[in-house]
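*Asks:* The following comprises the amino acid sequence and a computationally predicted model.
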Amino acid sequence: MDLKTLKTTSPLVFNYANYVTPQFVANVVNVVGGSPIMAREIAEFPDLVGVSDAVVINTGTWRRAELLETIKLAQLANQAKKVVVLDPVAVGIPSRSVPVKAVMADAKIDIIRGNAAEIAWFAGIDFASHGIDATGEGDLLTIAQQAAKKTGAIIAMSGATDVVSDGMTTQTIAVDVPLLATNVGTGDALSALIGAFNGDEVSVTNTVRAMAMMKLAGVQAAKKVTTPGYFANQVLDELYLLTAEALETFMAQEVKNGQ
Ligand SMILES: Nc1ncnc2c1ncn2[C@@H]1O[C@H](COP(=O)(O)OP(=O)(O)O)[C@@H](O)[C@H]1O
Ligand SMILES: Cc1ncsc1CCOP(=O)(O)O
Ligand SMILES: [Mg+2]
């Protein structure tokens with residue numbers, strides 16, 4: 001959906017969140033006009049999936065005791081034909097790949113949102129990382145395209161250059177706003193935003209819209225504040241203020257087709 005539709009229909013985004021950043025994630029969904037809900041109790045999943053437009057699974061603070069529940073959640077979303085977004089935080093660390101492998105083996109993931117190191121793991125390509133951050137360099141387009149082909153999911157790879165690919169169509173946004181990377185939770189919030197924009201239909205375009213929105217909010221915030229604490233709040237304000245017209249103009253200027 002476009003931003004106008006998002007604001008009028010207010011897609012409900014069910015976040016199976018990590019315990020580090022849920023407040024920021026919920027606020028991001030809320031300020032753009034969506035409706036966030038967080039839950040961990042399996043007994044609630046059928047009801048919550050039923051009323052949700054998108055399910056976002058973040059494996060950032062997974063626990064083995066909850067693994068079967070996570071799989072069940074993705075399966076319920078599949079059955080209800082709700083978009084499933086996976087945020088595989090630090091999946092390159094072997095213990096972190098356990099929930100990702102398990103969910104992907106037993107359910108269909110529509111969109112995977114991660115930084116370059118996380119996406120490279122799906123592509124089977126080496127890429128340096130440091131915990132939750134990507135630190136290496138590589139051929140970003142190839143990484144995203146390979147990951148899309150291997151998983152069958154739309155890949156939303158974030159960084160100084162964002163890359164979205166379904167393996168056939170690839171689009172990039174190369175706009176560097178280093179402060180965006182200093183706020184822990186921007187990636188998690190972006191995953192939730194991707195869920196919101198894909199709530200009516202899963203597509204590369206809807207995924208690019210979400211990536212562009214976060215990027216543009218970062219650009220606008222960086223014009224006003226220069227330190228991370230204020231920046232995080234300014235990003236929320238810019239997301240709130242951003243119009244559908246401003247987003248479409250930014251996309252027309254900055255979204256490029258990749259090979
Ligand atoms: N160096 C950078 N320049 C501009 N934007 C960035 C940069 N690094 C990350 N971003 C932006 O920050 C957001 C979160 O991405 P990222 O930091 O890669 O995720 P994660 O927090 O999961 O590692 C995205 O909107 C991305 O475009
Ligand atoms: C620090 C941390 N540890 C586990 S999840 C998490 C947050 C990751 O947030 P993001 O991927 O958005 O930077
Ligand atoms: Mg992340």
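*Replies:* Noted; the coordinates are in hand. Ligands and ions are numbered 1, 2, ... in the order given.
*Asks:* so where's this structure uncertain?
*Replies:* For the chain, no stretch is flagged by pLDDT under 70.
*Asks:* how near is whichever residue of the chain sits closest to ligand 2 to Val91?
*Replies:* As assessed by CB to the nearest ligand atom, ligand 2 sits closest to Gly60 within the chain, at 2.7 Å. Placement of C-beta: from N, CA and C, glycine included. Separation of Gly60 from Val91 (CB to CB, to the nearest Å): 10 Å.
*Asks:* higher neighbour count, these two?
*Replies:* Val91 (25 against 21; other CB atoms under 10 Å).
*Asks:* element containing the more buried one, please.
*Replies:* Using DSSP states H and E, Val91 falls within no helix or strand.
*Asks:* Quick check: it touching Val100?
*Replies:* Yes. Judged on CB atoms under 8 Å, Val91 makes contact with Val100 at a distance of 5.0 Å.
*Asks:* how many neighbours does the closest residue to Asp176 other than its chain neighbours have?
*Replies:* Leaving aside its chain neighbours, Asp176 sits nearest to Ala160 (4.5 Å; criterion: CB to CB, 6 or more residues apart in numbering). Applying other CB under 10 Å, we find 16 other residues in the vicinity of Ala160.
*Asks:* what's the spacing between Ala160 and Ala181?
*Replies:* 8 Å.
*Asks:* again with His130
*Replies:* 12 Å.
*Asks:* So those two - more neighbours on which side?
*Replies:* Ala181 (18 against 10).
*Asks:* show me what contacts that one?
*Replies:* Residues in contact with Ala181, defined by CB atoms under 8 Å, 6 or more residues apart in numbering, are Asp133, Gly159.
*Asks:* now the helices: where do they sit in the protein?
*Replies:* 3-9, 22-32, 45-51, 67-79, 94-106, 116-123, 140-151, 186-197, 204-224, 228-241, 244-254 (DSSP state H).
*Asks:* just to revisit the earlier point, identify the residues contacting the residue nearest to Asp176.
*Replies:* Contacts of Ala160 by CB under 8 Å, 6+ apart are Ala174, Val175, Asp176, Pro178.
*Asks:* neighbours of the nearest residue to Lys150 once chain neighbours are set aside, just the number please.
*Replies:* Nearest non-adjacent residue to Lys150, counting by CB to CB, 6+ apart: Phe122, 5.9 Å away. Neighbourhood size, Phe122 [other CB under 10 Å]: 26.
*Asks:* Give me the distance between Phe122 and Asp176.
*Replies:* Between Phe122 and Asp176 the distance is 24 Å, computed by CB to CB.
*Asks:* swap in Phe127?
*Replies:* 19 Å.
*Asks:* With neighbour numbers in mind, choose between those two.
*Replies:* Between Phe127 and Asp176, Phe127 has the larger neighbour count (other CB under 10 Å), namely 21 against 13.
*Asks:* any idea what sits nearest that one, other than its immediate chain neighbours?
*Replies:* Closest to Phe127 by CB to CB, 6+ apart is Ala120, at 3.5 Å.
*Asks:* Identify the residues contacting the closest residue to Ala244 other than its chain neighbours.
*Replies:* Computed as CB to CB, 6+ apart, the closest residue to Ala244 that is not its neighbour in sequence is Leu3, at 4.0 Å. By CB under 8 Å, 6+ apart, Leu3 lies in contact with Val32, Gly33, Arg209, Met213, Leu242, Thr243, Ala244, Leu247.
*Asks:* So what's the residue count around Asn257?
*Replies:* 8.
*Asks:* hang on, I meant Thr61
*Replies:* As a burial measure, Thr61 scores 12 neighbours (other CB under 10 Å).
*Asks:* What distance do you get for it to Thr70?
*Replies:* As for Thr61, its distance to Thr70 is 12 Å (criterion: CB to CB).
*Asks:* can you count the residues close to Lys7?
*Replies:* Around Lys7 there are 14 residues (other CB under 10 Å).
*Asks:* list the contacts for it?
*Replies:* Lys7 touches Val32, Gly33, Ala244, counting by CB under 8 Å, 6+ apart.
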